[in-house]
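# coords please:
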Amino acid sequence: MEVQGGCYCGDLRYRAQGDPLFKGQCHCRECQYISGGSPNVVLVMKDGDFAYTQGSAKIFQREDLDNPVTREFCEKCGTHILSRAALLPGAVMIKVGTFDDPATYGNPEMAIFTADKQCFHTIPEGVAAFEGVPS
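Residues are numbered from 1 along each chain as shown. Sure thing, here's the model as predicted:
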């Protein structure tokens, strides 16, 4: 699979090419903050299969958490491109809304952290759902 994408203002561009590790929705409370209230819809790829092709991302990581997620975004427009998490070493979670063609994503394979799911969040029929991270 190959995807290209970038931020809202166009300053930051990327390309990811390879076999996805998985496609998912994350309903954790932290993702709700980042997404504006919805679950985050992500394509998880190996770190080596992802590269910025234009610009460089600003990085944010909370200092008050034991295992904070690292978030990469456009410094100019604020578009959140991807996350990196200690739970998924060597992987990047690319935000599907940043794809040039989000339709290439298809459907998620799983929904995670559904323990934090809000009543207005929906999980497509037939998608495996986990209260936390699948074991």
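# Note down every partner strand of the helix or strand containing residue 14 and its orientation.
Element membership for residue 14 (DSSP states H and E) is strand 13-17. Sheet pairing for strand 13-17, assigned by DSSP bridges, gives strand 2-6 (antiparallel), strand 50-54 (antiparallel).
# Pick the most buried one from those strands.
The highest average neighbour count among the strands paired with strand 13-17, using mean count of other C-beta atoms under 10 Å, belongs to strand 2-6 at a mean of 18. (Each C-beta comes from the backbone N, C-alpha and C, glycine too.)
# the bottom helix or strand of the chain by mean pLDDT?
Least confident helix or strand of the chain, by mean pLDDT, DSSP states H and E, is helix 29-35 with a mean of 89.
# Next, the buried residues of that one.
30, 31, 32, 34, 35 (16 or more other C-beta atoms under 10 Å).
# Let's have those in JSON lines, adding distance to residue 22.
Listed next are these as JSON lines, based on distance: C-beta to C-beta, whole Å:
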{"residue": "30", "distance to residue 22": "19"}
{"residue": "31", "distance to residue 22": "15"}
{"residue": "32", "distance to residue 22": "20"}
{"residue": "34", "distance to residue 22": "19"}
{"residue": "35", "distance to residue 22": "18"}
